[in-house]
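Visitor: Here is a sequence together with a model predicted from it:
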Amino acid sequence: MNISHQIKLIVLFFTLPLLLLLFHMVFNISLQDGYHHINGYYFLIVLGISLVSCSYLAITCYPSYPLKERLLFLFLILTALISPFGDYVLIPIIGCVIFIFTNPISRKNILTKFDILDYCWLIFTGYCLIHSFSIPTYDKASAIGISLAFLAYGFLFKIARYTILPPKIKKDLSFLFCAVLMISISFGIYHLFHKSHITLLSPLNISLLSQGFPGLASIFSRWPANTAGFLVMSASIVFYLLFFTQNASSQKVYLTCSLLVIFSGVLATETRMALLFIAGFLGLFLVLYPFQQFKKIRFIILLMPIALLPILISYSDKWKETLSNPFQQATILDRLTQYQYGLSMWNADNHLFGIGLMNFRYFYNSSGLSSLRVDFLHNIYLSFLTETGVIGLILFLLNIFVLFKMFWNQLPKIPAYFGIYFLGGLMCVGLVDSWFFVLRFSVLLFIILGFTLGQSERS
């Protein structure tokens, strides 16, 4: 990477996230204490000018590639840069999909290559779609929409599986992704401990509101659990880059620093679900790992959770209560109530087909069992059992089994190990959450799984 190329990437890195932050704050302007609402059109103009400038820089970074490929690289770069800003990231992802399909080889592979995993997922999504029409629901549009989303996730999985990127763009994406994460997490932690509005561009009286929730939220989202979900997946990506790809010494240092910052952000979210993912991921790493590559690292990884326990306990009351008296916490008690209620509904209704996709939330929220409003049953296995019955759960688990077997058959290829670890982390999270019903998480996890499977098949 030459100096001019580095300068262009650094300009991209510093310019776009800042302007996106300002654009994000348009929707979080404080109207109290002297702060004023700023005309959103001004920011749209600034954002448009910055996007055009950044687009020009991104395209000119890769002069030796055809224009269509450079446009794809542009949207990939925008995806890396916008990744911390919630659902905004879906816009450049759509751009990536469009330009991937302009490549006839990629288009042919995605549309014509089908294996047992593709057929299993099509059967599962087909069942969910038919189920949404046939089983009475309070909101058929949501049930049909989530079924179509499952179909789209499988399509996204195939795109990630069969798309091949040049090594140069992959390195640039890694550099930008880690950089924007470190800056965003550092800002988020500062915002967390600042405990008040943060004023930026004081002449314009713009402030980023204090979220008022426990744990890291800030620019990532308005709820720490959403931030935690994004960060553990980001940590997995950086873990892959650090341990499963070839890197120079300076790159290893950079990736190690990135991983430490991300992990600090995960702890700052105070979210148990994130630690459960990490436990599943690293637990499989300890028992199933490439012996030649990770002889010494295994023992370091083994000591990390033990070393972190006293830090977690001293860091916050929530961690202390979780480790000492977990069943005294309101959120854990509510999850247990959800599980009992979901099982009772399944027992009282149609065991084969369940109560109807996306129906649990209506019954539970009107039951009076909890003051906390829920959008889904916080256990992916019980969720499919309760809402889609035994058939839906079996079809869902069949896809997990087939994917695990495909990764297993690729061993001892290095990317296959990572795929198994990541899948193990997702299965652990499934015990307490349902990421499949959250758009942003589903998009990211299907991309990671598809990319990892494709890498293991080609290596």
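Guide: Yep, that arrived. Numbers count the residues shown, from 1 in each chain.
Visitor: need the helices for the stretch 151-300 of the chain, in chain order.
Guide: 167-194, 224-243, 249-268, 272-287, 297-315 (DSSP state H, counting those that start in this stretch).
Visitor: Return the list of helices and strands in contact with the first one.
Guide: Pointing back at helix 167-194 there. Judged by 3 or more Cβ pairs under 8 Å, 6 or more residues apart in numbering; DSSP states H and E, helix 167-194 is in contact with helix 3-25, helix 67-82, helix 224-243, helix 249-268. Bear in mind the C-beta positions are built from the backbone N, C-alpha and C, glycine included.
Visitor: Point out the most buried one among the ones you listed.
Guide: Mean neighbour count, computed with mean count of other Cβ atoms under 10 Å, is highest for helix 224-243 among those, reaching a mean of 24.
Visitor: quick one: that one to helix 167-194, angle?
Guide: With axes from the mean of the first three to the mean of the last three Cα atoms, to 10 degrees defining the directions, helix 224-243 sits at 140 degrees from helix 167-194.
Visitor: Check the offset of helix 224-243 from the chain's centre.
Guide: Between the centre of helix 224-243 and the centre of its host chain there is 7 Å, according to Cα atoms, centre = their mean, to the nearest Å.
Visitor: got the CA positions of that helix in CSV?
Guide: Taking C-alpha atoms only, helix 224-243 is exported to CSV below (Å, rounded to 0.1, in the frame of the first residue of the first chain):
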residue,chain,number,x,y,z
PRO,A,224,-27.0,-1.6,25.0
ALA,A,225,-28.1,-5.1,24.0
ASN,A,226,-28.2,-4.0,20.3
THR,A,227,-24.7,-2.6,20.7
ALA,A,228,-23.4,-5.8,22.3
GLY,A,229,-24.8,-7.9,19.4
PHE,A,230,-23.0,-5.8,16.9
LEU,A,231,-19.8,-5.7,18.8
VAL,A,232,-19.5,-9.5,19.4
MET,A,233,-19.9,-10.1,15.7
SER,A,234,-17.3,-7.4,15.0
ALA,A,235,-15.0,-9.0,17.5
SER,A,236,-15.4,-12.3,15.7
ILE,A,237,-14.5,-10.7,12.4
VAL,A,238,-11.3,-9.1,13.9
PHE,A,239,-10.5,-12.4,15.6
TYR,A,240,-10.7,-14.1,12.2
LEU,A,241,-8.4,-11.5,10.7
LEU,A,242,-5.9,-11.8,13.5
PHE,A,243,-5.7,-15.6,13.9
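Visitor: now for it, which elements pack on it?
Guide: helix 167-194, helix 249-268, helix 272-287, helix 414-429, helix 439-458.
Visitor: Relative to Leu369, which of those helices is closest?
Guide: When these are compared by Cβ to Cβ, helix 272-287 sits nearest Leu369, at 21.1 Å.
Visitor: follow-up on the earlier one: and the helices of the stretch 151-300 of the chain as JSON lines, adding distance to Ile116 and mean pLDDT?
Guide: Converted to JSON lines, the helices of the stretch 151-300 of the chain look like this (distance: least, Cβ to Cβ, whole Å; pLDDT from 0 to 100):
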{"stretch": "helix 167-194", "distance to Ile116": "29", "mean pLDDT": "82"}
{"stretch": "helix 224-243", "distance to Ile116": "25", "mean pLDDT": "88"}
{"stretch": "helix 249-268", "distance to Ile116": "35", "mean pLDDT": "86"}
{"stretch": "helix 272-287", "distance to Ile116": "23", "mean pLDDT": "84"}
{"stretch": "helix 297-315", "distance to Ile116": "33", "mean pLDDT": "63"}
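Visitor: Could you dump these into CSV and include distance to Leu411?
Guide: Formatted as CSV, those follow (distance: least, Cβ to Cβ, whole Å):
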stretch, distance to Leu411
helix 167-194, 23
helix 224-243, 16
helix 249-268, 24
helix 272-287, 12
helix 297-315, 17
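Visitor: now for these, which one comes closest to Gln338?
Guide: Nearest of these (Cβ to Cβ): helix 272-287, 14.1 Å.
Visitor: can you pull the contacts of Ala225?
Guide: Neighbouring residues of Ala225 by Cβ atoms under 8 Å, 6 or more residues apart in numbering: 269, 271, 273, 433.
Visitor: How many neighbouring residues does the third one have?
Guide: Okay, so that is Met273. Around Met273 there are 19 other residues, counting by other Cβ atoms under 10 Å.
Visitor: and the contacts of Ala225, which are buried?
Guide: 269, 271, 273, 433 (16 or more other Cβ atoms under 10 Å).
Visitor: Please report phi then psi for the second one.
Guide: Backbone torsions of Thr271, given as degrees, to the nearest 10, read phi -110, psi 120.
Visitor: quick one: the closest residue to it other than its chain neighbours from Ile77, how far?
Guide: Leaving aside its chain neighbours, Thr271 sits nearest to Ala228 (3.6 Å; criterion: Cβ to Cβ, 6 or more residues apart in numbering). In this view, Ala228 and Ile77 are 25 Å apart by Cβ to Cβ, to the nearest Å.
Visitor: What about Arg373, how many residues nearby?
Guide: Counted with other Cβ under 10 Å, the neighbours of Arg373 add up to 8.
Visitor: Contact partners for it?
Guide: Asn365.
Visitor: Show the contacting residues for Ile123.
Guide: Ile123 is in contact with Leu395, counting by Cβ under 8 Å, 6+ apart.
Visitor: if we go to 10 Å?
Guide: Contacts for Ile123 (Cβ atoms under 10 Å, 6 or more residues apart in numbering) come out as 395, 398-399.
Visitor: just Leu357 next, same as before
Guide: 128-129, 131-132, 135, 137, 139-140, 142-147, 150, 383-384, 386-388, 392, 437.
Visitor: hang on, the earlier thing: out of the helices of the stretch 151-300 of the chain, which is closest to Leu156?
Guide: Nearest of the helices of the stretch 151-300 of the chain (Cβ to Cβ): helix 224-243, 14.2 Å.
Visitor: The closest one to helix 272-287, inter-axis angle?
Guide: 20 degrees.
Visitor: Need the per-residue pLDDT for Ala143.
Guide: As predicted, Ala143 sits at a pLDDT of 86.
Visitor: Which helix or strand contains it?
Guide: helix 140-162 (DSSP states H and E).
Visitor: for that helix, packing partners?
Guide: Other elements packing on helix 140-162 under the criterion 3 or more Cβ pairs under 10 Å, 6 or more residues apart in numbering; DSSP states H and E are helix 90-100, helix 104-112, helix 116-134, helix 380-410, helix 439-458.
Visitor: List the buried residues of the third one.
Guide: Neighbour-count burial for helix 116-134, counted by 16+ other Cβ under 10 Å, picks out 117-118, 120-121, 124-125, 127-129, 131-132.
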